[in-house]
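# below: sequence and its predicted model.
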Amino acid sequence: MVLKSEISKKIEAMDKPKKKEEALTLSLQVLTPADVSRLNREVEDIEDFFSTAAVRGGTEAKSMPQVSQFLNNLLKDNSLNILHKADRTQLGEFLSGVMKSAPIVHASFATEPRPEFLMKLIAWFRREAHPYVLFKIGLQPTIAAGCVIRTTNKYFDFSFKRHFADSKAKLGDALRSDK
């Protein structure tokens, strides 16, 4: 009888669908590889604090490192608690994975883009291209206006400089016409 009930429990356990671990999301404020690296370092510092506190035991410990607004938003968006070791481990592994495998998009602008615009741009890329895409933002005043977007295998020039160069013939024709 005991053997039969153990076997039936094992069969029931195999029939139950395993809970797939939910993927974490990056908040829109996390734009660049440097942001991810900073978050990863912050999680490591907090993990070091808890490891040191566990070793010290009952002795008085330093105060916990301050949690940045970026990390706070990331924790809130993913319903994680930094005080739980499992959540810290999961977040650290996630951030390390993002650093290793996230696609990078290089974007060059004529002037410093507004943060609201960058958040809309990153939201579009994460929705349409990849959920963990990161940006490297650069300034290139020679493009006059607009932007240039570059990935590892694509190049998109949305600059006024290119548009003006494409329209040179039209401008010459308009100047030569007798109208």
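Good, I have the coordinates.

# next secondary structure after the longest helix that the chain contains?
What stands out as the longest helix in the chain, according to DSSP state H, is helix 33-56. Next along the chain after helix 33-56, taking DSSP states H and E as the criterion, comes helix 69-77.

# which is the next helix or strand following that next one?
helix 85-101.

# and that following helix, how far from the chain's centre?
Its chain's average C-alpha position is 12 Å from that of helix 85-101, according to CA atoms, centre = their mean, to the nearest Å.

# ok, and what's touching it?
24, 26, 33, 36-37, 39-40, 43-44, 46-47, 50, 74-75, 78, 80-82, 132, 134 (CB atoms under 8 Å, 6 or more residues apart in numbering). In short, each C-beta sits where N, CA and C put it, glycine included.

# list the buried residues of it.
87-88, 90-92, 94-95, 98 (16 or more other CB atoms under 10 Å).

# need the mean per-residue confidence for that helix.
For helix 85-101, mean pLDDT rounds to 91.

# pull out the buried residues from the helix or strand following it.
Per DSSP H and E, the first helix or strand lying C-terminal to helix 85-101 is strand 104-109. For strand 104-109, a neighbour-count test (16+ other CB under 10 Å) marks 105, 107-109 as buried.

# closest one of these to Val148?
Of all the buried residues of strand 104-109, the one with the least separation from Val148 (CB to CB) is Ser108, at 4.4 Å.

# spit out the contact partners of the closest one.
By CB under 8 Å, 6+ apart, Ser108 lies in contact with 137-140, 143, 147-148, 150.

# any buried residues in stretch 115-128, and which?
Within stretch 115-128, the residues scored as buried using 16+ other CB under 10 Å are 118, 121-122, 125-126.

# can you tell me which of these are in helices?
Short answer: these in helices (DSSP H) are 118, 121-122, 125-126.

# turn the residues you listed into TSV, columns for pLDDT and distance to Tyr155.
Output for those, formatted as TSV (pLDDT from 0 to 100; distance: CB to CB, whole Å):
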residue	pLDDT	distance to Tyr155
Leu118	89	20
Leu121	89	17
Ile122	91	19
Phe125	90	16
Arg126	91	21
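
# got any ranges where this protein has weak pLDDT?
Applying pLDDT under 70 to the chain flags the ranges 1-22, 58-62, 160-168, 171-172, 178-179.
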